[in-house]
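Q: Give me a model of this one.
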Amino acid sequence: MVSGRKIDIRAFAMLTSVNGCLKGYMYRDCYFRTSSKPFDLTNLQSRYVHLTNDAVQMHSEDYGKFESGNKLSINDFQRYLDQHHSAKNVCFMRDLFPVMERLVTDSFRAVYDKIDPSRLNNQFEVFGYDFMIDDNFKVYLIECNTNPSLEICSPLLARII
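A: Numbers count the residues shown, from 1 in each chain. The predicted structure follows:
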């Protein structure tokens with residue numbers, strides 16, 4: 001959570017098949033989506049408390065009140081960690097992002113034989129990955145989407161497979 005509000009992380013990855021060779025890539029520039037309302041397990045009716053995606057949050061009267069577009073950059077999130085969890089010495093890029101990379105790698109390996117099984121086509125697919133971090137800074141994969149919105153992606157890729 002950030003300031004008592006729920007967050008999740010949106011990251012992007014791409015799987016390519018070129019001349020039958022599959023390779024996976026992950027964008028190094030992800031972002032953090034925040035809820036507009038404080039987290040409250042007794043309030044299960046409010047989508048603005050529990051869902052962080054833009055399609056929901058943009059209808060909240062508090063959309064953009066805390067962060068522009070209810071989003072934080074990696075640097076913004078690191079500043080939050082440094083200010084509010086300095087004793088835990090958590091570095092997002094050092095401690096959490098590598099776990100996200102391993103989860104993406106595992107998901108690619110899980111579908112390796114199903115992607116271009118004949119190894120005849122040259123193709124690629126971009127995926128949007130959603131992650132959560134618990135209070136102990138353990139990373140969880142929530143879901144993976146095909147054809148995600150790419151308006152915030154950075155062109156920098158890091159080969160992960």
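Q: for residue 144, what are its contacts?
A: The contact partners of residue 144, taken as CB atoms under 8 Å, 6 or more residues apart in numbering, are 107, 127, 128, 129, 130. Heads up, the C-betas are built off the backbone N, CA and C, glycines and all.
Q: Regarding the chain, what is its longest helix?
A: helix 97-110 (DSSP state H).
Q: List the neighbours of that one that are in contact with it.
A: So helix 97-110 is in contact with 9, 11, 13, 15, 22, 24, 26, 28, 30, 127, 129, 131, 139, 141, 144, 158, 160-161, going by CB under 8 Å, 6+ apart.
Q: any idea which helix or strand comes after it?
A: The C-terminal neighbour of helix 97-110 among helices and strands, as given by DSSP states H and E, is strand 123-133.
Q: quick one: strands adjacent to the helix or strand just after that following strand?
A: Going down the chain from strand 123-133, the next helix or strand is strand 139-146, by DSSP H and E. In the sheet, strand 139-146 lines up against strand 123-133 (antiparallel) (DSSP bridges).
Q: in stretch 18-33, what's buried?
A: Buried residues in stretch 18-33, defined by neighbour count with 16 or more other CB atoms under 10 Å: 22, 24, 25, 26, 27, 30, 31, 32, 33.
Q: Among those, which ones are in strands?
A: Mapping the buried residues of stretch 18-33 onto strands (DSSP state E) picks out 22, 24, 25, 26, 27, 31, 32, 33.
Q: which among the residues you listed gets closest to residue 58?
A: residue 33 (11.2 Å; CB to CB).
Q: That closest one and residue 51 touch, don't they?
A: No - counting by CB atoms under 8 Å, residue 33 stays clear of residue 51, with 9.3 Å between them.
Q: How many residues are close by residue 131?
A: Other residues lying near residue 131 total 22 when counted by other CB atoms under 10 Å.
Q: helix, strand or coil for residue 42?
A: At residue 42 the chain is in coil, as set by DSSP: H, G, I helix; E, B strand; the rest coil.
Q: For the longest helix of the chain, output the C-alpha coordinates as CSV.
A: Provided in CSV are the C-alpha atoms of helix 97-110 (Å, rounded to 0.1, in the frame of the first residue of the first chain):
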residue,chain,number,x,y,z
PHE,A,97,12.1,-6.2,-10.0
PRO,A,98,14.2,-9.4,-10.4
VAL,A,99,11.4,-11.4,-8.8
MET,A,100,9.0,-9.9,-11.4
GLU,A,101,11.4,-10.9,-14.1
ARG,A,102,11.6,-14.5,-12.8
LEU,A,103,7.8,-14.7,-12.7
VAL,A,104,7.5,-13.4,-16.3
THR,A,105,10.2,-15.9,-17.4
ASP,A,106,8.3,-18.7,-15.7
SER,A,107,5.1,-17.7,-17.5
PHE,A,108,6.9,-17.7,-20.8
ARG,A,109,8.4,-21.1,-20.1
ALA,A,110,4.9,-22.4,-19.2
